[in-house]
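Participant: Okay, predicted coordinates and the sequence, questions at the end:
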Amino acid sequence: MPGDRNDPYRNFRYRVEIEGIEQAGFSEVTGYDASIEIIEYREGNEIITPRKLPGLAKYGNITLKWGTTDSMDLYDWIQECIEGTVERKTITIIAIDEEGGDVATWQVVEAWPTKYTVPNFNGTGKEVAIESLELAHEGMTRTQ
């Protein structure tokens, strides 16, 4: 039936919430993924194909990009880490539907900044100055 169509969500309607940080918005969020290492195992009396066993779960680093403003919240976070105080935070990435409702949510736990990138500047450029922050973390779950 025509009313039962279930279109996928758009990748440009989202928001990011970082525990204790008031950063307004992000132009791009990339890299959040999960994978399981493969351990190959074979005993000498078995056929030539090894068994494949699950190993450690790994999570890719997340990169946040935003247009430079006067907000120093994310820079201050990595600066605290550089000075020896690594504060881990929960990050929530939320997909938003056409009506503005939350429709899919991923929660990232124990996140901390591992790399900060300053904007590139060009006297003849016309782009927005973009900062980025790469976050390491210890797990991701889809909660909605």
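Facilitator: Thanks, I have it. Numbering: from 1, shown residues only.
Participant: next one: stretch 130-137 to chain centre, how far?
Facilitator: Relative to its chain's centre, stretch 130-137 lies at 8 Å (CA atoms, centre = their mean, to the nearest Å).
Participant: What sits closest to V86 if chain neighbours are left out?
Facilitator: The spatially closest residue to V86, leaving aside those adjacent along the chain, is W112, at 5.2 Å (CB to CB, 6 or more residues apart in numbering). Using the backbone N, CA and C atoms, a C-beta is placed for each residue, glycine as well.
Participant: OK, contacts around the one you found?
Facilitator: By CB atoms under 8 Å, 6 or more residues apart in numbering, W112 lies in contact with C81, V86, E87, R88, K89, L135, A136, H137.
Participant: try T63
Facilitator: Taking CB under 8 Å, 6+ apart as the contact definition, T63 lies against E28, V29, T30, G31, S132, L133, E134, L135.
Participant: Read off the pLDDT value for the first one.
Facilitator: Confidence at E28, expressed as pLDDT, is 94.
Participant: my guess is it meets I62, correct?
Facilitator: No: here E28 does not reach I62: they are 10.7 Å apart, not a contact under CB atoms under 8 Å.
Participant: Who has more neighbours out of those two?
Facilitator: Using other CB atoms under 10 Å, the more surrounded residue of E28 and I62 is I62, with 23 against 14.
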